[in-house]
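[1] Let me see the structure of the following:
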Amino acid sequence: MGLAATCAEGFRSFPAGVLAAWALAVGFTPAGVLAETVRITRPVTSDALHERTTNIHVAVDLGDPAGIRSYRVTLEQELPEQEGGPPAWKTIHPTRCDEAGRSGAQLTDCTEIEPVGRDFTTVDPARDFDIPVVLRQAYTRVRAVLTRTDLQQPQRFASNEVKLAAAPPPQTFAIVIGIDGYAARKNPETDPRPLCYPSVDASAISKYLSDIDLKSYKGDEPFLRALSGRRVIAMIPSASADKATIMGTLSAVAKLSTYVDTVLVFFSGHGIRAASDAHEFFMIPQGGVFSEYDADAVVHDVSLQEIAHVFSETIRFGRVQRIVVVLDACYSGNATWDPHVAPSEYVLFASTRQDQEALDRRPGEECEKDGKGKNGFFVTTLLEALRGKMVPSAGDPNPQRFVSHRDGVSYITVGDLGQYVESRMRDERPVGRAQAPTVTGNGSSLPLPVLGIRR
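    Down below sits the predicted model:
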């Protein structure tokens with residue numbers, strides 16, 4: 001039974017004047033106290049939600065047709081229950097993206113529009129209409145709220161509540177960043193030097209994600225199902241990868257994602273650890289700085305905690321299934337994800353341990369500006385495994401044992417990929433130069449497709 005009907009039933013024995021006085025005092029009027037009513041009609045099916053957008057059909061009856069009345073009808077979504085508290089409701093803010101934003105290269109063209117709703121100034125006592133809305137949460141409750149805006153103290157009327165079992169197809173958003181050509185250095189002590197292969201590495205990771213072909217996948221593994229759906233790959237060019245662009249792209253993805261989606265972030269470039277906290281890590285974007293002062297890093301650089309904050313509301317509303325972060329930078333092993341805003345699955349794959357610097361190219365290799373098919377030390381070993389070209393090492397003469405097969409897909413888990421990369425790095429690293437990857441989070445069993453192997 002909806003809120004309006006419940007309130008009307010509960011207060012049926014009270015005089016109408018008492019109810020009207022109570023309604024005016026609190027500014028919220030249950031349907032049935034005054035003449036105005038609002039209700040959601042026409043049930044919404046899961047099929048209608050397949051494209052993530054649906055129309056909520058609302059009927060309004062103002063009762064007395066005399067005079068001109070102004071009102072607004074909005075939609076509200078029930079928030080996740082808070083322990084020990086009553087259900088809370090929030091006006092739905094949908095996201096609008098133009099076609100350029102949705103197609104991939106840049107997602108910063110997505111903007112949040114005003115609360116979804118309709119405004120009327122009319123003498124017509126009854127009206128029905130559709131309100132389009134993008135739903136982002138499974139099994140959400142939605143209600144319509146009519147607000148009389150022509151009164152000195154606005155009055156609100158709630159409709160019946162409708163439970164929507166949304167079932168949109170899963171998709172994957174990838175934000176891929178590689179920064180090598182840092183801007184001209186004005187201060188050698190604080191400005192980052194150029195690197196060899198981050199841009200080439202970013203292109204190689206983007207191509208791997210594009211080459212995954214799981215259209216015929218019929219299995220039930222959630223991560224593979226997500227990869228079999230629509231993939232939006234936003235590769236931010238090195239010259240454009242300043243903090244505002246990176247954070248803007250992440251914010252757009254947070255608004256677009258739904259509860260079945262996967263977000264993957266790849267960063268290759270310079271990194272530093274915070275002076276005051278050994279477990280804080282900063283990615284250095286264009287315009288970023290090396291600084292022993294945390295305040296400088298917070299302003300100019302990008303921390304994983306900032307990224308977690310961008311997704312915190314998205315995760316709270318159940319709008320992201322999993323997040324995978326891959327970092328190839330010095331001290332990236334210091335990166336941690338705030339467990340209080342963690343999605344149901346998350347994994348951090350860093351190219352170093354906490355106290356280690358990262359090699360930007362294989363030992364003894366000259367830095368070639370055009371790459372010529374070469375990649376950085378970490379990404380080279382990563383792609384060996386993901387492309388099915390594993391190389392035996394002294395510590396692991398049979399790396400193919402890491403490859404598993406399921407429902408026609410060859411894959412390697414994130415945890416096993418970390419073992420392979422560590423073994424290869426141990427073989428090739430220079431004497432006295434330690435570097436080993438770090439895998440943290442609860443997603444070490446996530447399966448990554450291995451390309452080039454058929455079974």
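
[2] so where is the stretch 201-350 of the chain shaky, pLDDT-wise?
    For the stretch 201-350 of the chain, applying pLDDT under 70 flags the ranges 276-279, 291-298, 313-314, 316-319.

[3] All the helices of it, residue numbers only.
    222-228, 243-256, 294-300, 304-316 (DSSP state H, counting those that start in this stretch).

[4] by contact count, what packs against the last one?
    For helix 304-316, the packing partners by 3 or more Cβ pairs under 8 Å, 6 or more residues apart in numbering; DSSP states H and E come out as helix 243-256, strand 322-328. For the C-beta atoms, the positions are set from N, CA and C on the backbone; glycine is no exception.

[5] Could you say which of those is packed most deeply?
    For those, the largest average neighbour count (mean count of other Cβ atoms under 10 Å) is found in strand 322-328, namely a mean of 25.

[6] Name the strands paired with that strand and say parallel or antiparallel.
    strand 262-268 (parallel), strand 345-350 (parallel) (DSSP bridges).

[7] Nearest to residue 305, out of these?
    Between residue 305 and these, the shortest separation by Cβ to Cβ is 12.2 Å, and it involves strand 345-350.

[8] which residues are in contact with the closest one?
    With Cβ atoms under 8 Å, 6 or more residues apart in numbering as the test, strand 345-350 has contacts from 223, 304, 321-327, 332-333, 335-337, 414, 417-418, 437-444, 446.

[9] Run through the residues that contact residue 382.
    417, 421.

[10] could you measure it against residue 201, distance?
    From residue 382 across to residue 201, the span is 9 Å (Cβ to Cβ, to the nearest Å).

[11] Find the residue closest to residue 232 in space, skipping its chain neighbours.
    Distance criterion Cβ to Cβ, 6 or more residues apart in numbering; nearest residue to residue 232, sequence neighbours excluded, is residue 173 at 5.0 Å.

[12] dump the residue contacts of residue 199.
    By Cβ under 8 Å, 6+ apart, residue 199 lies in contact with 178, 179, 180, 181, 237, 238, 371.

[13] The first one: how many residues sit nearby?
    Number of residues near residue 178 (other Cβ atoms under 10 Å) recorded here: 27.

[14] What separation is there between it and residue 197?
    For residue 178, the distance to residue 197 (Cβ to Cβ) stands at 8 Å.

[15] What of the fifth one?
    Distance check for residue 237 against residue 197: by Cβ to Cβ, it reads 15 Å.

[16] Comparing the two, which residue is more hemmed in?
    Between residue 237 and residue 197, counted using other Cβ under 10 Å, residue 197 has the larger neighbour count: 28 against 16.

[17] Check the gap between the spatially closest residue to residue 126 that is not a sequence neighbour and residue 37 for me.
    Closest residue to residue 126 apart from its sequence neighbours, by Cβ to Cβ, 6+ apart: residue 61 at 4.8 Å. Distance, residue 61 to residue 37, by Cβ to Cβ: 5 Å.

[18] What of residue 182?
    62 Å.

[19] domain parsing for the protein?
    If you go by automatic domain parsing, the domain ranges for the chain are 3-164, 171-449.

[20] you'd agree residue 169 is up against residue 226?
    No. The criterion here is Cβ atoms under 8 Å, and residue 169 misses it with residue 226 at 9.3 Å.

[21] Which residues are in contact with each of the two?
    Common contact partners of residue 169 and residue 226 (Cβ under 8 Å, 6+ apart): residue 260.

[22] and those two? which has more neighbours close in?
    residue 226 (24 against 15).

[23] residues touching the more buried one, list them.
    So residue 226 contacts 170, 171, 172, 260, 261, 262, 321, 322 (Cβ under 8 Å, 6+ apart).

[24] now with 10 Å?
    For residue 226, the contacting residues are 169-173, 214, 260-264, 321-322, 446, by Cβ atoms under 10 Å, 6 or more residues apart in numbering.

[25] any idea how far residue 216 is from residue 131?
    When distance is defined by Cβ to Cβ, residue 131 is 38 Å away from residue 216.
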